[in-house]
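In: Pasting a predicted model and its sequence here:
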Amino acid sequence: MNRILISALIILGVGASLLGLLQMMSESTKVVAPDSFKPPLENIPEVSKGEYLPAGLGDLRMNMPLSEFLATVHGQHGTHEDKGFRETVTTSYADTQFSSVTFYFDSKGNKPLYEFIIEYPEAFDLSSYVVERYGAPTHEGEWRFRDHEDYYIMIWTTSFSNRLIIAANIDGTEHQHRK
């Protein structure tokens, strides 16, 4: 009986200590809104629409409706899939530095284009290409550009394959909260 009583007192003491610690932490911790992590627009270099896209994709633009995209050569020769929360079109290329591109479109509204996944052949030196094309990363190892006042362009490479990702944090898309 004594052991149960002593155990209960210890548990109550530890609980009270943790509650006091939590109260102290909440008084000294500043809550920061997620938007405060977003780089100020004036710090993101501005570019002309589509200037950040590799040669061969310059006729496309972020936020382009799926219906408009499907009328382009990229959409006419691609494989279209509905994935639920997004639609994708994957197109293969023979006369470019890249071998294929998967285009992501949101599944709602006018289904805006919000991401390019550009696949390069294994022999292509993607690391050198992105530094030559975009310069030094502008935000946490990525490149950020602004071609529109409502969103900005995010560019990064993948470590597991020779892919360049170009995305926009357009409202309503999976990247809208990405800062």
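Out: Thanks, I have it.
In: now that we're looking at residue 44, which residues does it contact?
Out: Residue 44 is in contact with 138-139, 144-146, 152, counting by Cβ atoms under 8 Å, 6 or more residues apart in numbering. No exception for glycine: its C-beta is placed from N, CA and C like everyone else's.
In: Please repeat the previous calculation with a cut-off of 7 Å.
Out: 144-146, 152 (Cβ atoms under 7 Å, 6 or more residues apart in numbering).
In: try residue 115
Out: Residue 115 neighbours (Cβ under 7 Å, 6+ apart): 104, 165, 167.
In: who wins for neighbours among the residues you listed?
Out: residue 167 (22 neighbours; other Cβ atoms under 10 Å).
In: pretty sure residue 130 contacts residue 157?
Out: Yes: using Cβ atoms under 7 Å, residue 130 makes contact with residue 157 at a distance of 6.1 Å.
In: who touches both of these two?
Out: residue 164.
In: which residue ranges form the strands in this protein?
Out: When secondary structure is read from DSSP state E, the chain shows strands at 79-82, 86-92, 100-106, 113-119, 143-145, 153-157, 163-168.
In: counting contacts, what elements does the third one pack onto?
Out: Which is strand 100-106. Applying 3 or more Cβ pairs under 7 Å, 6 or more residues apart in numbering; DSSP states H and E, we find strand 100-106 packed against strand 86-92, strand 113-119.
In: What is the first one packed up against?
Out: If I follow you right, that is strand 86-92. Counting by 3+ Cβ pairs under 7 Å, 6+ apart, strand 86-92 packs on strand 79-82, strand 100-106.
In: If we use 10 Å, what do you get?
Out: Here strand 86-92 touches helix 66-70, helix 73-76, strand 79-82, strand 100-106, strand 113-119, going by 3 or more Cβ pairs under 10 Å, 6 or more residues apart in numbering; DSSP states H and E.
In: which parts of that strand are buried?
Out: Under the neighbour-count criterion of 16 or more other Cβ atoms under 10 Å, strand 86-92 has 86-89, 91 buried.
In: Report the angle between it and strand 100-106.
Out: 160 degrees (axes from the mean of the first three to the mean of the last three Cα atoms, to 10 degrees).
In: now the last one
Out: Between strand 113-119 and strand 100-106, the angle comes out at 160 degrees (the same axes, to 10 degrees).
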